[in-house]
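In: just coords:
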């Protein structure tokens, strides 16, 4: 499998959905989440909202920036 083929497969992979925090995400500081059976570096999409996402918290994966997933906290009602 060539690098181009691997890259094309990665681009088809959906980076949207629900993940669970495994290492605290705090404002502008990155943490880690478990998303689609894999661990990923993650940070807040909007770090200015000034919240702390503790391990076990569910988050919504919005997009990807390099290898880092950008997340938002799930509303309390979900």
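Out: Cool, got the structure. The structure displayed is predicted, hence computed values, not measured ones. Numbers count the residues shown, from 1 in each chain.
In: now do the helices in this protein.
Out: 3-12 (DSSP state H).
In: helix or strand with the lowest mean pLDDT in it?
Out: helix 3-12 (a mean of 48; mean pLDDT, DSSP states H and E).
In: can you list the weak-confidence ranges in the chain?
Out: Per-residue confidence of the chain (counting by pLDDT under 70) places the weak regions at 1-13, 76-78.
In: residue 17 - nearest residue in space that isn't next to it in sequence?
Out: residue 61 (5.4 Å; Cβ to Cβ, 6 or more residues apart in numbering). (C-beta placed from N, C-alpha, C; glycine too.)
In: how about residue 71?
Out: Across the structure, with Cβ to Cβ, 6+ apart as the measure, the residue nearest residue 71 apart from its sequence neighbours is residue 59 (4.0 Å).
In: the one you found: neighbour count?
Out: By other Cβ atoms under 10 Å, 24 other residues sit near residue 59.
In: again, but for residue 38
Out: For residue 38, the number of neighbouring residues by other Cβ under 10 Å comes to 8.
In: likewise residue 16?
Out: A total of 11 residues lie near residue 16 under the criterion other Cβ under 10 Å.
In: do the same with residue 25
Out: Residues near residue 25, counting by other Cβ under 10 Å, number 26.
In: the closest residue to residue 19 other than its chain neighbours pairs with what?
Out: With sequence-adjacent residues excluded and distances taken as Cβ to Cβ, 6+ apart, residue 19 is closest to residue 35, at 3.6 Å. Bridge pairing for residue 35 (DSSP bridges) gives the partners residue 38.
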